[in-house]
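Visitor: with the sequence up front, the predicted model follows.
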Amino acid sequence: MAVTKAPPPTRETGEEKAPAPDDGEGRRLNSPLVLTLLMVLVVLFQGPVRQALGAPVMQSWMTVFVAVLVQALPFLVLGVLLSAAIAVFVPPSFFARALPKRPALAVPVAGVAGVVLPGCECASVPVAGALVRRGVTPAAALAFLLSAPAINPIVLTATAVAFPGNPEMVLARLVASLLVACAMGWLWLRLGHPDWLRPPARESYEGQGRGAAFWGSVRHDLMHAGGFLVVGAMAAATLKAMVPATWLSTAADNPVVSVLALAILAVVLSICSEADAFVAASLTQFSLTARLTFLVVGPMIDLKLFAMQAGTFGRAFALRFAPATFTLAVLVSVLTGAVLL
Amino acid sequence: MNRQAQAAILFLLGAALLHAGLTDLYLRYVKAGLRPLVLAAGVVLIATALATAWYEWRAKKEEHAHHEPRVSWLLVLPLFALILVAPPALGSYSAMRTGTALQQSYGYAQLPADGPLRLSLADYAGRAVYEHGRDLADRQIRISGFVALDRSGAPYLVRMALNCCAADAQPVKVGLTGTIPPVLQPDSWLEITGTYTTKQTRDPVNKGPIPFIEVTSAKPVPTPHDPYDETWNN
């Protein structure tokens, strides 16, 4: 744990949304200097740090932490590049023409459009953020955010491979994920409040060259979403390394408890949506409906996604959006499971 | 954090990814198939760092405050973890906390008729449980994996199977019986030579089946190039 405690600035992560007060340069610490000092300190004390991290539980924590990040970063980079391309090269009029005028119709269109983003959930958050800033109605952007990681061809193929004996699982996953995505979009139209969506202020790229605007957007998104991704990876690694897995086998016996247990497991594990089908396939003691819930909830809401959504759309939004998504995803999965499985 | 520091962090993070991707380090954390993506991400991070530094240098004249939120500082953690610590692949600690992921295969390939059989651990476990050791009886079998001990000290040979990254890694376990070496160090890699036995047990974590192997000899081997069993990915 010593590494996580070493850098003094991390203690203040709770305040990341606090607007930087416009104090004089004298009071603000010079961040390159802090970074350099931090590096020197960590290198100097690497012996004790390594020793402190020698315990098996710490090693497994770090391995999972690094693994989640190494796996997620390429997809985050893909999403950030796409988001910058949307912000710089695609005029707002394109989306006005591509999407139906009526928001209620734009929601399902955007949900189905999720098929084209071949990645996992880390890529869809920055892209959805860029869509909102580009004037796409938030309800449609949210439907896209929820559907893209679950219904793209790579994920559906992985699901088919993981469940060779149950091809109906692929259909059930597609149907349930699309339903939840559209329902959340429509729910936002009815109940959503524009005040909740408060993306952190970013400087405008107007008046800059396209190159400067593109790379500025990439840098901004990487620093933001990347930081929140680290928060999510730490939470997922902590739960994976600490929580005993034995309680799962006791939960499998009761049908209601088993659905809820796998829904919560999906949130906690924060597995990439391209791999979650294999984990679901190995949870053989659970019913197919419970495992479908795992597959529908996971790509829509998990710890790292919550952290990234809070960073992209604001905390007030994430605190309302996450529980609503979770509840709706569980309900729709159970209904879909009852009909299709 | 100002832009110079951001450029530095992005550059180092990109370099760390490139380093992990160009050596075998990345195999401790993600599947082999992600290598091109890891390398590409490293290149984009470095390009972003260079572009940031370049535009910052050009725009030197107008000095304005542009600071990113403090959460960005957290990006130094994966940097330190990857460069300084480079944690090992998941081992016995995770293996004994997770239920065995042994699953029935579509079918099992024909085995060579004679000579000692070299099988992957998951292949042996699958044949032992689901084929009841058909074709395995009276054959000399070699499997390799790392040692894990359960609470009572009973030894298992384990291989972690991986689908995407270490967060979804799951163990396949084979119990050891017969001539077990007197000293077994958890996480050390062994090549076991032995024979099929009908003995089986249930994993206490998920009640999954764990077959045994009757050990005749064991020799330490180095950790393999890819510590995870990725046969599911092919």
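Guide: Ah, there it is.
Visitor: past the lengthiest helix in chain B, which element shows up next along the chain?
Guide: What stands out as the longest helix in chain B, according to DSSP state H, is helix B:35-58. The helix or strand immediately downstream of helix B:35-58 is helix B:76-80, counting by DSSP states H and E.
Visitor: run the contact check for the helix or strand that that next one is followed by versus chain A.
Guide: Using DSSP H and E, the next helix or strand after helix B:76-80 towards the C-terminus is helix B:92-97. Yes: applying Cβ under 8 Å from any Cβ of the partner chain, one finds helix B:92-97 touching chain A at B:Ser92, B:Tyr93, B:Ser94, B:Arg97. Using the backbone N, CA and C atoms, a C-beta is placed for each residue, glycine as well.
Visitor: roughly how far out does helix B:92-97 sit from the chain middle?
Guide: How far helix B:92-97 lies from its chain's middle: 12 Å, per Cα atoms, centre = their mean, to the nearest Å.
Visitor: export that helix as CSV, just CAs?
Guide: The C-alpha trace of helix B:92-97 is given here as CSV (Å, rounded to 0.1, in the frame of the first residue of the first chain):
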residue,chain,number,x,y,z
SER,B,92,-1.4,-19.4,-5.5
TYR,B,93,-3.1,-16.7,-3.4
SER,B,94,-5.7,-15.9,-6.0
ALA,B,95,-6.0,-19.5,-7.1
MET,B,96,-7.0,-20.8,-3.8
ARG,B,97,-9.6,-18.0,-3.3
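Visitor: low-confidence ranges in the chain?
Guide: Reading this off chain A. A:1-29, A:118-119, A:200-207, A:245-246 (pLDDT under 70).
Visitor: wait, chain B
Guide: Along chain B, segments meeting pLDDT under 70 span B:60-68, B:232-234.
Visitor: so what are the domain limits for it?
Guide: Under the assignment automatic domain parsing, the domains of chain B span B:3-87, B:93-233.
Visitor: save these as TSV, and put in distance to A:Pro74 too.
Guide: Converted to TSV, these look like this (distance: least, Cβ to Cβ, whole Å):
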stretch	distance to A:Pro74
domain B:3-87	4
domain B:93-233	11
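Visitor: can you check which of the ones you listed gets nearest to A:Ala252?
Guide: domain B:93-233 (8.7 Å; Cβ to Cβ).
Visitor: up against chain B, what does the stretch 101-250 of chain A have?
Guide: So far as Cβ under 8 Å from any Cβ goes, the stretch 101-250 of chain A lies against chain B at A:164, A:200, A:203, A:211-212, A:215-216, A:218-220, A:222-224, A:226-228, A:230-231, A:233-234, A:236-237, A:240-241, A:244-246, A:248-249.
Visitor: now mean neighbour count too, for the domains of chain B, in JSON lines please.
Guide: What follows is those, written out as JSON lines (neighbours: other Cβ atoms under 10 Å in any protein chain shown):
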{"stretch": "domain B:3-87", "mean neighbour count": "19"}
{"stretch": "domain B:93-233", "mean neighbour count": "18"}
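Visitor: buried ones among the residues of the stretch 101-250 of chain A next to chain B?
Guide: A:200, A:212, A:215-216, A:218-220, A:222-224, A:226-228, A:230-231, A:233-234, A:236-237, A:240-241, A:248-249 (16 or more other Cβ atoms under 10 Å in any protein chain shown).
Visitor: CSV for the residues of helix B:92-97 next to chain A, including distance to B:Thr201?
Guide: Converted to CSV, those look like this (distance: Cβ to Cβ, whole Å):
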residue, distance to B:Thr201
B:Ser92, 17
B:Tyr93, 20
B:Ser94, 20
B:Arg97, 17
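Visitor: tell me which of those residues is nearest to B:Cys164?
Guide: B:Ser94 (15.7 Å).
Visitor: pretty sure the closest one sits against B:Met160.
Guide: Yes: assessed by Cβ atoms under 8 Å, B:Ser94 is found in contact with B:Met160 at 7.4 Å.
Visitor: can you list residues touching both of these two?
Guide: B:Ala169, B:Pro171 (Cβ atoms under 8 Å, 6 or more residues apart in numbering or on different chains).
Visitor: A:Ala318 is in contact with A:Arg198, correct?
Guide: No: contact status for A:Arg198 versus A:Ala318: not in contact, 10.5 Å apart, counting by Cβ under 8 Å.
Visitor: the more surrounded of these two?
Guide: A:Ala318 (21 against 13; other Cβ atoms under 10 Å in any protein chain shown).
Visitor: show me what contacts that one?
Guide: A:Phe306, A:Gln309, A:Ala310.
Visitor: how about A:Leu292?
Guide: Counted by Cβ under 8 Å, 6+ apart, A:Leu292 has contacts A:Met169, A:Ala172, A:Arg173, A:Ala176, A:Ser333, A:Thr336, A:Gly337, A:Leu341.
Visitor: okay, the third one and A:Leu82: tell me how far apart.
Guide: What that stands for is A:Arg173. 24 Å (Cβ to Cβ, to the nearest Å).
Visitor: list the contacts for B:Val221?
Guide: B:Ser144, B:Trp189, B:Leu190, B:Glu191.
Visitor: okay, and which of those residues map to strands?
Guide: B:Ser144, B:Trp189, B:Leu190, B:Glu191 (DSSP state E).
Visitor: tell me which two of the residues you listed sit farthest apart.
Guide: B:Trp189 and B:Glu191 (7.8 Å).
Visitor: which residues do these two both contact?
Guide: B:Ser144, B:Pro220, B:Val221.
Visitor: please name the residues that touch the second one.
Guide: So that's B:Pro220. B:Ser188, B:Trp189, B:Leu190, B:Glu191.
Visitor: the first one touches B:Ala148, doesn't it?
Guide: It refers to B:Ser188. No: between B:Ser188 and B:Ala148 there is no contact under Cβ under 8 Å: 10.2 Å.
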